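Colleague: I need the structure of the sequence given here:
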Amino acid sequence: MQPKNKYNKYLNLAAFMLALFAITAISGCSNAQSQQGQEQRPDPSVSYMMIKSKAVDLTTELPGRTSAYLVSEIRPQVNGIIEKRFFEEGADIKEGDILYKIDDAPFKASLKAAQASLDKAKAGLPPVQSREARYKRLLKGKAISQQEYDDVKSQLDQILAEINFLEAQVDTAKINLGYTNVKAPISGKIGKSNVTVGALVTAYQQIPLTTIHKLDPIYVDAAQSTAEMLELRENIKTKTIEKNAHENKVKIILENGSIYPLDGNFKFRDVTVDPSTGSSTLRIVVPNPSKILLPGMYVRAVVQEGTAQNAILAPQQGVVRTPKGEPVAYIVNKEGKIEQRFLTINRAIGNKWLITSGLENGDKIIVEGLLNIRPGMSVNASEFQTAEKE
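Modeller: Numbering: from 1, shown residues only. This next block holds a predicted model:
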């Protein structure tokens, strides 16, 4: 029995060694095939776009609110009862139109009384003037004393002063009588009436009778942060941005996203900064003949900043982000290998990024095949014609 067991033991060992050799041979063949496949794998194909610097008009989009060009709150200037209203609420009003009629009977009576007093004073003037002239001649001949002449001259001066006072009284009465016709001081669209016929109104009362808004043109007040303002000034100072002929033109985007058909004009920048928002107000004057813009509407103003000469624009599909959020682009260098560039982005312009550093004129930025590349790798690069046409 022992020789047989010993024979089986050697037989099992031989089978184990044979199997181990076979596994090693197969593994070696597999590794060789894998290495050979890697050596024969072609360079990955990528598509690139050529970076070409050009002049670009830069704009900034700011939030804003509309406000009336002129606002007039109509208040009475005399006391009285409203007799009639001459306008329809919401209508267009012209400057000088009569809006309300206040009972004028008391003011007519005041005018008559003032006129009568004036006439009475003027009636007593000629005798005193004649006496003063006669006394003046007698004084030269020393027929009367200086005191007698002075008394007559004083009487004449008092009558003249009284006449001037009464003339002012007449003028005041005429003005008050004219105030019984409440007129529109400006042209525009009138709002609702706060009083009805028969209401008692008082001069310069707190509640206005109605309000008139001039809506053509109309103001747009846009807010710009002081940081953006300082950056723009620095760019202009360093000539990174040059002013253009259309810098005062402003496009208006309505709340629904549509573009307002008429351009506005930049008027001025407020000299103060809102401490709660850190922004300054830009006032824009916009034509509004169709009354599309109404006071209080939210709009966006596209303000011209200037022109950036030799600006570098990179397609957005060619810019990726690192795990830290840093913008990165991959380019094909002269040797046909991949280079990684970290970028500084200023803003988006359409479907491209405005690059301030990281790319140069003539660089080939990869826009397709980014998943299969890494820095230093050789690639088979071709120009992305479709993107270039777009």
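Colleague: going forward, measure contacts between C-alpha atoms and count neighbours the same way
Modeller: OK.
Colleague: how does the protein divide into domains?
Modeller: 45-56+310-389, 59-68+214-307, 78-212 (automatic domain parsing).
Colleague: make CSV out of those and add mean pLDDT and mean neighbour count.
Modeller: Shown next, in CSV, are the domains of the chain (pLDDT from 0 to 100; neighbours: other CA atoms under 10 Å):
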stretch, mean pLDDT, mean neighbour count
domain 45-56+310-389, 86, 16
domain 59-68+214-307, 86, 17
domain 78-212, 93, 16
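Colleague: contacts only, for Val271.
Modeller: Ser280 (CA atoms under 8 Å, 6 or more residues apart in numbering).
Colleague: what do you get if the cut-off is 10 Å, keeping everything else the same?
Modeller: Contacts for Val271 (CA atoms under 10 Å, 6 or more residues apart in numbering) come out as 280-282.
Colleague: of those, which is the nearest to Val320?
Modeller: Ser280 (34.5 Å; CA to CA).
Colleague: the closest one contacts Ala223, doesn't it?
Modeller: Yes: taking contacts as CA atoms under 10 Å, Ser280 lies within contact range of Ala223: 5.6 Å.
Colleague: circling back: among the contacts of Val271, which are located in helices?
Modeller: When these are checked against helices (DSSP state H), there are no matches.
Colleague: take the residues you listed and keep only those in strands.
Modeller: Judged by DSSP state E, the contacts of Val271 include 280-282 as members of strands.
Colleague: which of those residues lies closest to Ala91?
Modeller: Among the ones in strands among the contacts of Val271, and counting by CA to CA, the member closest to Ala91 is Leu282, at 30.6 Å.
Colleague: quick one: that closest one from Gln385, how far?
Modeller: 42 Å (CA to CA, to the nearest Å).
Colleague: again, but for Ala168
Modeller: Ala168 sits 87 Å away from Gln385 when distances are taken as CA to CA.
Colleague: please apply the same query to Phe107.
Modeller: Phe107 is 85 Å from Gln385, by CA to CA.
Colleague: can you name the residues bridging to Arg269?
Modeller: Leu282 (DSSP bridges).
Colleague: so it sits against Asn248, correct?
Modeller: No: taking contacts as CA under 10 Å, Arg269 lies outside contact range of Asn248: 11.9 Å.
Colleague: shared neighbours, the two?
Modeller: Joint contacts of Arg269 and Asn248 (CA under 10 Å, 6+ apart) are Ile284.
Colleague: and Ile331, what does it touch?
Modeller: 48-50, 318, 337-341, 359, 363-367, 375.
Colleague: okay, and Gln115 sits in which element?
Modeller: Per DSSP states H and E: Gln115 is located in helix 105-123.
Colleague: circling back to that earlier point, joint contacts of Ser280 and Ala223?
Modeller: 269-270, 273-274.
Colleague: continuing past the helix or strand hosting Arg134, what's the next helix or strand?
Modeller: Using DSSP H and E, Arg134 falls within helix 125-140. Counting by DSSP H and E, the element after helix 125-140 in chain order, helix or strand, is helix 146-178.
Colleague: okay, and the nearest residue to Arg341 once chain neighbours are set aside sits in which element?
Modeller: Setting aside the residues directly before and after it, Arg341 is nearest to Ala329 in space (CA to CA, 6 or more residues apart in numbering), at 5.2 Å. Assigned by DSSP H and E, Ala329 falls within strand 327-332.
Colleague: rewinding a little: which of the shared contacts of Ser280 and Ala223 sit farthest apart?
Modeller: Largest pairwise distance in those, by CA to CA, is 12.7 Å, between Arg269 and Asp274.
Colleague: joint contacts of the two?
Modeller: In contact with both Arg269 and Asp274: 223, 280-281, using CA under 10 Å, 6+ apart.
Colleague: all helices in the protein, in order from the N-terminus.
Modeller: Going by DSSP H, the chain shows helices at 2-40, 105-123, 125-140, 146-178, 226-237, 385-389.
Colleague: ok, the closest residue to Phe107 other than its chain neighbours - contacts?
Modeller: Distances taken as CA to CA, 6+ apart put Leu177 closest to Phe107, at 5.2 Å, once the chain neighbours are dropped. For Leu177, the contact set (CA under 10 Å, 6+ apart) comprises 78, 102-111, 171.
Colleague: at 7 Å what do you get?
Modeller: By CA atoms under 7 Å, 6 or more residues apart in numbering, the contact list for Leu177 reads 104, 107-108.
Colleague: and the gap between the most centrally placed residue in the chain and Leu282?
Modeller: In the chain, the centroid-proximal residue (CA atoms, centre = their mean) is Ala222; its distance is 2.5 Å. Applying CA to CA, the value for Ala222 to Leu282 is 5 Å.
Colleague: overlap in contacts, the two.
Modeller: Here Ala222 and Leu282 share no contacting residue, scored by CA under 7 Å, 6+ apart.
Colleague: wait, Glu95 sits on Lys189?
Modeller: No: the criterion here is CA atoms under 7 Å, and Glu95 misses it with Lys189 at 10.9 Å.
Colleague: mind listing what the residue nearest to Val197 when sequence neighbours are not counted touches?
Modeller: Once flanking residues are discounted, Val197 sits nearest to Ile82: 5.1 Å by CA to CA, 6+ apart. The contact partners of Ile82, taken as CA under 7 Å, 6+ apart, are 100-103, 197-200.
Colleague: ok, those residues vs Lys54, which is closest?
Modeller: Tyr100 (62.8 Å).
Colleague: what about the closest residue to the closest one other than its chain neighbours, distance to Asp103?
Modeller: Of all residues not flanking Tyr100 in the chain, Arg85 sits nearest, at 4.6 Å (CA to CA, 6+ apart). When distance is defined by CA to CA, Arg85 is 12 Å away from Asp103.
Colleague: swap in Leu177?
Modeller: Noted for Leu177: a distance of 9 Å to Asp103, by CA to CA.
Colleague: look up which residues are beta-bridged to the residue nearest to Val197.
Modeller: Ile102.
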